[in-house]
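Engineer: Quick one, what's the 3D model for this:
(one chain, ligands or ions: 1)
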Amino acid sequence: MEKKLQTIFNYIKKLFPNPETELHYSTPFQLVVAVMLSAQVTDIQVNKVTEKLFKKIKTPEDLLKIGFPSFLSAIRSVNYYKTKAKHIYTTASLLIENEKLRIKNYKNWIPDNLKELMKLPWVGVKTGKLIAHVLYDKPFIAVDTHIHRVSNRLWLVKTSAPEKTSELLEKLIPDTYKDFAHHGLVLFGRYYCTAKNPKCDICQLKTVCTYYKANVIASVAKQS
Ligand code: SF4
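Structural biologist: From the prediction side, this is the model:
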């Protein structure tokens with residue numbers, strides 16, 4: 001498995017030397033807002049919405065200053081915008097309260113550990129891990145649909161639930177790869193090992209890919 005991991009991550013690193021989130025942000029609070037908006041929405045759509053919004057909102061205080069109705073209207077093109085607006089607004093209030101009480105004293109308003117992050121509204125394990133990884137370099141693999149698919153196709157794991165995939169990958173992937181494993185796998189799944197038309201013809205992971213051996217080779221054999 002060590003050799004296989006090396007092959008996979010060396011190749012992904014060649015394709016994406018410095019993988020990072022495609023969500024645009026310049027402050028930690030903006031990252032939290034962008035991640036919360038991104039549920040069931042593409043990063044491109046989120047970036048369109050936040051391009052204007054983030055000129056006015058850099059901190060939780062800025063968000064409360066513009067007021068709920070303006071915020072709601074600014075994000076109305078995003079799926080489930082009413083629910084998201086409510087949760088993001090409550091999050092901003094909570095972060096301000098924590099800051100005032102000085103009980104948290106986190107850098108730039110945002111908690112730096114999963115347990116505290118998960119106390120924020122609508123922040124589950126996946127969202128919490130993603131925020132902690134991006135902002136604080138925590139060695140998490142926040143498994144989305146891309147990572148789940150790629151990991152199963154390459155037989156790094158054999159799971160049906162993304163939560164289980166996350167747990168197993170974090171045990172399996174050595175620390176040396178953890179700094180880029182999350183974003184590398186996401187980008188590889190988004191642009192190469194896509195759900196419908198994976199680019200197997202140009203992919204150099206064929207030799208270690210279970211999906212390729214089971215599906216692509218088998219279908220060629222059937223046709224001949
Ligand atoms: S060979 Fe195809 S299925 Fe396998 S990892 Fe590459 S793109 Fe994905």
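Engineer: Alongside the ligand, which residues does this protein contribute?
Structural biologist: Taking C-beta under 6 Å from any ligand atom as the criterion, the chain approaches the ligand at residues 153-154, 192-193, 198-200, 203, 205-206, 209, 211-212. C-betas here are computed from N, CA, C, even on glycine.
Engineer: could you redo the last one with a cut-off of 5 Å?
Structural biologist: Residues of the chain lying close to the ligand by C-beta under 5 Å from any ligand atom are 153, 193, 198, 200, 203, 205, 206, 209, 211, 212.
Engineer: could you flag which of the residues you listed are buried?
Structural biologist: Of the members of the residues of the chain next to the ligand, the ones counted as buried by neighbours, 16 or more other C-beta atoms under 10 Å, are 153, 193, 198, 200, 203, 205, 209, 211, 212.
Engineer: Excluding chain neighbours, what is closest to the last one?
Structural biologist: With sequence-adjacent residues excluded and distances taken as C-beta to C-beta, 6 or more residues apart in numbering, residue 212 is closest to residue 206, at 4.9 Å.
Engineer: The one you found and residue 63, how far apart?
Structural biologist: Per C-beta to C-beta, to the nearest Å, residue 206 is found 48 Å from residue 63.
Engineer: Also residue 34?
Structural biologist: 13 Å.
Engineer: Tell me where the chain has helices.
Structural biologist: 2-15, 28-37, 43-56, 60-66, 68-74, 81-101, 114-117, 125-136, 145-153, 162-172, 175-191, 210-211, 218-223 (DSSP state H).
Engineer: As CSV, the ones you listed with mean pLDDT and distance to residue 22 would be great.
Structural biologist: Output for the helices of the chain, formatted as CSV (pLDDT from 0 to 100; distance: least, C-beta to C-beta, whole Å):
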stretch, mean pLDDT, distance to residue 22
helix 2-15, 93, 15
helix 28-37, 95, 10
helix 43-56, 96, 4
helix 60-66, 94, 23
helix 68-74, 96, 20
helix 81-101, 88, 19
helix 114-117, 91, 21
helix 125-136, 94, 11
helix 145-153, 95, 12
helix 162-172, 92, 19
helix 175-191, 93, 8
helix 210-211, 92, 24
helix 218-223, 70, 32
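Engineer: thinking again about what came up before, residue 34 and residue 63 - which one has more neighbours?
Structural biologist: Higher neighbour count among residue 34 and residue 63: residue 63, with 25 against 22, using other C-beta atoms under 10 Å.
Engineer: how close does the more buried one get to the ligand?
Structural biologist: Going from residue 63 to the ligand by C-beta to the nearest ligand atom, to the nearest Å gives 40 Å.
Engineer: quick one: that residue and residue 57 touch, right?
Structural biologist: Yes. Between residue 63 and residue 57 there is a contact under C-beta atoms under 8 Å: 5.1 Å.
Engineer: can you pull the contacts of the residue positioned nearest the centre of the chain?
Structural biologist: When C-alpha atoms, centre = their mean is applied to the chain, the residue found nearest the centroid is residue 130 (5.2 Å). Applying C-beta atoms under 8 Å, 6 or more residues apart in numbering to residue 130 gives the contacts 21, 35, 140, 142, 182.
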